[in-house]
Structure formats: C-alpha cells, structure tokens
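S.K.: Got a predicted structure plus its sequence, pasted below:
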Amino acid sequence: MRLDLSALIAPELELLVPQTREFYVGRPAGRGPTGPEDLRRTRAAVPTPVAVDPPPTVETVRMEGREVAVRIHRPAAPPRAVLLDIHGGGFFLGSAAAGDRAARRLVDALGVAVVSVDYRLAPEHPWPAGPDDVETAALWLAEHAATRFGTTRLAMTGFSAGATLAVAALVRLRDRGITAYDAAVLQFGTWDLAAATPAGRLIADEYFLQAYAGTAADRTHPDISPLFADLRDLPPLLLVVGREDVLLEDNLAMAARLCAAGVAVDLRVYPASPHGFTGHATPMARAALGHLDAWLAGHLGC
C-alpha cells in the first residue's frame, strides 16, 4: 500500500490553483486573538450578519434540564433530511446567525432543513459548555426530527471549532447508544487541543486553546481533544482541509485514527487553500462545496 498526500487531492483541482492563489495575494494567513483584550477588540469589529430570505426561526430547545438557542432554516417543500450545523470561530467567536447564508445555501442546494446551534462561547463559558450545548441540540433533534420535520435522516456539519464540537457530540451520543445521525461533514477541525502531538504543537501558542479548555487538568481529555477519543462506531465522516492549513497534519492524524477505528472516513485535501477556505470566494471553495453537497446527498438520499 502506497500513501501519498497527492492521492488525497483530485487532479482536476490543480486547474483551480492559479486563480485561487491570486485571491490570497495580499491576504496572508493570520492568527486568532492573542489574549482577552485582543478578543474583545476582535468581537467588537465583527460585522452584523447578513440577513437571508426567508429568515430562520429562532427558538430555545430543551433536553434533560439543559437548554440552547437554535436557528432553523427550512426549504419550501418538506425537507429530505435535517442537518445540525455547528459554527466555527475558535470556540470564542462566531454565532449561528453568522452562518445564515451558508445554512441557506445548504437548504437550497439539498432540500434539507438546517438547525444551527448557538452554543456558549469561551472564555466566559469554557469546556464543557460548548459540547454540552451541542449535545443538547443533538439530543433534541434526534428525539423530535420526525414530528417537527417529517424525517429521521440526520447529519451534522461543523466548521473549524464546530467540527471539533461535532465529533465530541457524536462520541457522547455513541456512548449513550444513540445512532440517530447518519453522517457528518467536518471542515478543518482542531483535534489535538493539548498540543501533545507534533501536529498539535504547531498551534501550541494559540490563545483559543487555554480559553476553551479553561481549568481542565488534562487537555488530552477526549471530550476536549477528540484525537484521543475512542472513535469506534461513529457514522461515515467527510473531512475537508486545505493543503496550506496549519491544521493539515492534525486532520491527517485524525483521519488515520478514524480509519484504524473502522470508521468510514473520506479525507479530501484542497491545494492552495488555508484555514477556513470554504468561506472564501475562490474556485477551490466552490469545488469543495460542490463535493460536500454531493457527499451529503449520497449519504442522506437527497
């Protein structure tokens, strides 16, 4: 068996590299806030989310004494499936509202409903607040999908920190014996927040690690760093990452662990693309979103 990174990159994507690189000229990869003051300034500068039409409904869902706000986007016809979407932002930025356009795109492309989770943010609400909120929404959807949406076909989608939270939730559900989710799409997740592996040490100085982990004594706890979790019996997973993402090695390691655990994992690497690239206006991002849509449609029967 021969392993080669190029084998994870579809040959036709090389045609999109020049135009994609042109987009990033003068836009070097940055880093997140470096501390509490920097985070406050960054939050204050975040623009108001762009409204979508039709707008989502907003409600608070409750399970087992916990509650979390969600935003629900529906197609005009009965949905073929429901996606539980978890936004990114380093665990300390972002909101479900900021993902409205991306959610609406999925609704229109696949004919699905999207339930976006407004989980609590660090450092005000460190671990386990985020995974608790995502688990609450996941349990609610698993119990109410049939009556609220007319379907039991469910999947998760996570963007960056949202991908990390999605796997934490799937492991929690698996431990409860709940197998309601048929698939998950994980875009450039962070899997080793303990900086205990060579891949994890590449981001060891990032503030979001301490902000999210808080006072946890061991950041290799599987609920914090899913790379160290028992990953058996998870649903099929699509991992998406850019070739120029600092998290590339972390995602390669996660894919290897998932494969060793017997999980059906599809890892796709996109050239000339940094972290968060699917949110950028590049031909590579459009190609990746098209692959994502097709993968979800195939696993959900859309």
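M.R.: Noted; the coordinates are in hand. Residues are numbered from 1 along each chain as shown.
S.K.: Would you enumerate the residues in contact with Arg101?
M.R.: Contact partners of Arg101, counting by CB atoms under 8 Å, 6 or more residues apart in numbering, are Val50, Val52. (Each C-beta comes from the backbone N, C-alpha and C, glycine too.)
S.K.: Going by neighbour count, list what's buried in the host helix or strand of it.
M.R.: Assessed by DSSP states H and E, Arg101 sits inside helix 100-110. Buried positions in helix 100-110, judged by neighbour count with 16 or more other CB atoms under 10 Å: Asp100, Ala102, Ala103, Arg104, Arg105, Leu106, Val107, Ala109, Leu110.
S.K.: With pLDDT and distance to Ser6 as extra columns, can I get those in a markdown table?
M.R.: Shown next, in a markdown table, are the buried residues of helix 100-110 (pLDDT from 0 to 100; distance: CB to CB, whole Å):
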| residue | pLDDT | distance to Ser6 |
| --- | --- | --- |
| Asp100 | 98 | 36 |
| Ala102 | 97 | 29 |
| Ala103 | 98 | 33 |
| Arg104 | 98 | 35 |
| Arg105 | 97 | 30 |
| Leu106 | 98 | 30 |
| Val107 | 98 | 35 |
| Ala109 | 97 | 29 |
| Leu110 | 97 | 30 |
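S.K.: any chance of the residues you listed in a markdown table, plus distance to Ala294?
M.R.: As requested, the buried residues of helix 100-110 are exported to a markdown table (distance: CB to CB, whole Å):
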| residue | distance to Ala294 |
| --- | --- |
| Asp100 | 23 |
| Ala102 | 17 |
| Ala103 | 18 |
| Arg104 | 19 |
| Arg105 | 14 |
| Leu106 | 12 |
| Val107 | 16 |
| Ala109 | 10 |
| Leu110 | 10 |
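S.K.: Which of those sits closest to Ala184?
M.R.: Distance to Ala184 across the buried residues of helix 100-110 (CB to CB) is lowest for Leu106, with 13.6 Å.
S.K.: I'd guessed the closest one sits against Leu83; true?
M.R.: Yes: in this structure, Leu106 is within contact of Leu83 by CB atoms under 8 Å, at 6.2 Å.
S.K.: Quick check: neighbours shared by the two?
M.R.: Shared contacts of Leu106 and Leu83, defined by CB under 8 Å, 6+ apart, are found at Val112, Val114, Thr157, Leu296.
S.K.: can you pull the buried residues of the helix or strand harbouring the third one?
M.R.: Using DSSP H and E, Thr157 falls within strand 154-159. Buried residues in strand 154-159, defined by neighbour count with 16+ other CB under 10 Å: Leu154, Ala155, Met156, Thr157, Gly158, Phe159.
S.K.: Noted, bye for now.
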